[in-house]
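Undergrad: Let me see the structure of the following:
(one chain, ligands or ions: 1)
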Amino acid sequence: MPTKTHAFFDPATSTFTHVVFDEMTNHAAIIDPVLDYLPSSGRIRHYNAERVAHFIEKNSLHVDWILETHIHADHLSSGAWLKQRLGGRLGIGTGIAEVTRTFNHVYNTPHEIPEDGRHFDHLFQDGEVFTIGSLNATALAVPGHTPADMAYRVGDDVFVGDTLFSPASGSARCDFPGGDPSTLYHSAKKLLSLGDNLRLHLCHDYPPDGQEPRPWVSVAEQRRENIHLNDGVTEQEFVGLRKERDRQLELPRLIIPAIQVNLRAGNLPPAEDNGISYLKVPLNLL
Ligand SMILES: [Fe+2]
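TA: Reported below is the predicted structural model:
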């Protein structure tokens, strides 16, 4: 299959944005694009999104889709900005409804952010097939990290979001609302049974100093080497070690700004009557 991939790494949030495209038709999808946010000044920047837009334009690609694997808590999404700039349809999993309901309570925004996800262009069901030019793609529900996680398979490339990290980092936390380690275990096994040669493209990597972040890892290597999810780890063992690890983790640095923007599909909150958009901080709640 004429599938090409390209990854952009944002060192500030350790996040990969991926582009996958069809060499025959030049149609593309962008996955998990990053919006730069400077918490000390409240500035939004588009350095990462500009890099992606430049790549799309330089290669004369036509953007069919801008896909989110889930509502990220560690970075803001540039999905809305890239859609405005490049076109394409914004897609995420149907589980967004549950996540929106939960966080509409946190931010007191039920009147602003619709639970039915209608501000996205498409909500994917598990197993749904869609196209990127002449490529067939499939949305795969992989809940556990959050209840709404989707992976997107395009030929032998799978964009796994936070279902699996690199072998040395293992897996993502499961202690957010609606997260569940047992569910994540089964989601990871679903991806790890797709075929040993498939490439699993990661949403993040946290390499030790001096090492390069890895945008993808083969299924075979994950099954052999992943510290949390190799073939030798039972569900019970995984649940135990994941719960133990989650008890030690601080909340992500950008969780409060990130979720309220990402629930809006990467749009900032509506401007107030002075023309300025504000983020909310719930005090003593999280
Ligand atoms: Fe995440």
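Undergrad: Skip the chain neighbours and tell me the closest residue to the most centrally placed residue in the chain.
TA: Of all residues in the chain, the one closest to the mean position by CA atoms, centre = their mean is T69, 3.8 Å from it. Leaving aside its chain neighbours, T69 sits nearest to G161 (2.8 Å; criterion: CB to CB, 6 or more residues apart in numbering). C-beta coordinates here come from the backbone N, C-alpha and C atoms, glycine included.
Undergrad: who's in contact with that neighbour?
TA: The contact partners of G161, by CB atoms under 8 Å, 6 or more residues apart in numbering, come to D32, T69, H70, V142, H145, D149, M150, A151, C203.
Undergrad: can you confirm it is in a helix?
TA: No. Assigned with DSSP: H, G, I helix; E, B strand; the rest coil, G161 falls outside any helix and is coil.
Undergrad: Please report phi then psi for it.
TA: phi 60, psi -130 (degrees, to the nearest 10).
Undergrad: Could you measure from it over to the ion?
TA: G161 sits at a distance of 7 Å from the ion (criterion: CB to the ion, to the nearest Å).
Undergrad: returning to what we had before: for the contacts of G161, which one is nearest P167?
TA: Nearest to P167 among these is C203, at 15.1 Å by CB to CB.
Undergrad: Tell me how many other residues crowd the closest one.
TA: Counted by other CB atoms under 10 Å, the residues lying close to C203 total 27.
Undergrad: about what we covered before: take the contacts of G161 and write them to JSON lines, including distance to T183.
TA: Below are those laid out as JSON lines (distance: CB to CB, whole Å):
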{"residue": "D32", "distance to T183": "21"}
{"residue": "T69", "distance to T183": "15"}
{"residue": "H70", "distance to T183": "13"}
{"residue": "V142", "distance to T183": "9"}
{"residue": "H145", "distance to T183": "9"}
{"residue": "D149", "distance to T183": "9"}
{"residue": "M150", "distance to T183": "14"}
{"residue": "A151", "distance to T183": "14"}
{"residue": "C203", "distance to T183": "18"}
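Undergrad: which parts of the stretch 101-250 of the chain sit against the ion?
TA: D162 (CB under 5 Å from the ion).
Undergrad: Check the stretch 51-200 of the chain for the residue nearest the ion and tell me.
TA: At 3.9 Å from the ion, D162 is the closest residue in the stretch 51-200 of the chain, using CB to the ion.
Undergrad: So for that residue, what's the pLDDT?
TA: With respect to pLDDT, D162 scores 97.
Undergrad: Count residues in the vicinity of it, would you?
TA: 26.
Undergrad: Same question for the longest helix along the chain: list its buried residues.
TA: When the chain is parsed with DSSP state H, its longest helix is helix 235-248. Of all the residues in helix 235-248, those buried under the rule 16 or more other CB atoms under 10 Å are F238, V239, L241, R242, R245.
Undergrad: and the spatially closest residue to the second one that is not a sequence neighbour, what is it in contact with?
TA: So the one you mean is V239. In space, and not counting its chain neighbours, V239 is closest to P181: 4.5 Å by CB to CB, 6+ apart. By CB under 8 Å, 6+ apart, the residues touching P181 are G144, C174, F238, V239, R242, K243, D246.
Undergrad: what about the second one, which SS state?
TA: So that's C174. coil.
Undergrad: do the same with L35
TA: When classified by three-state DSSP, L35 comes out as strand.
Undergrad: and it, bridged to which residues?
TA: L76 (DSSP bridges).
Undergrad: these two touch, right, it and Y47?
TA: No. Look at L35 against Y47 with CB atoms under 8 Å: they stay out of range, at 9.6 Å.
Undergrad: Comparing those two, which residue is more hemmed in?
TA: Between L35 and Y47, counting by other CB under 10 Å, L35 is the more crowded of the two (26 against 12).
Undergrad: Quick check: Q260 vs N284, distance?
TA: 17 Å (CB to CB, to the nearest Å).
Undergrad: So between those two, which is more surrounded?
TA: Q260 (23 against 4).
Undergrad: quick one: low-confidence ranges for the stretch 51-200 of the chain?
TA: Applying pLDDT under 70 to the stretch 51-200 of the chain flags no residue at all.
Undergrad: Run through the helices of it in chain order.
TA: Taking DSSP state H, counting those that start in this stretch as the criterion, the stretch 51-200 of the chain carries its helices at 79-86, 96-107, 181-192.
Undergrad: Distance to S60 for those helices - can I get that in CSV?
TA: Converted to CSV, the helices of the stretch 51-200 of the chain look like this (distance: least, CB to CB, whole Å):
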stretch, distance to S60
helix 79-86, 12
helix 96-107, 32
helix 181-192, 32
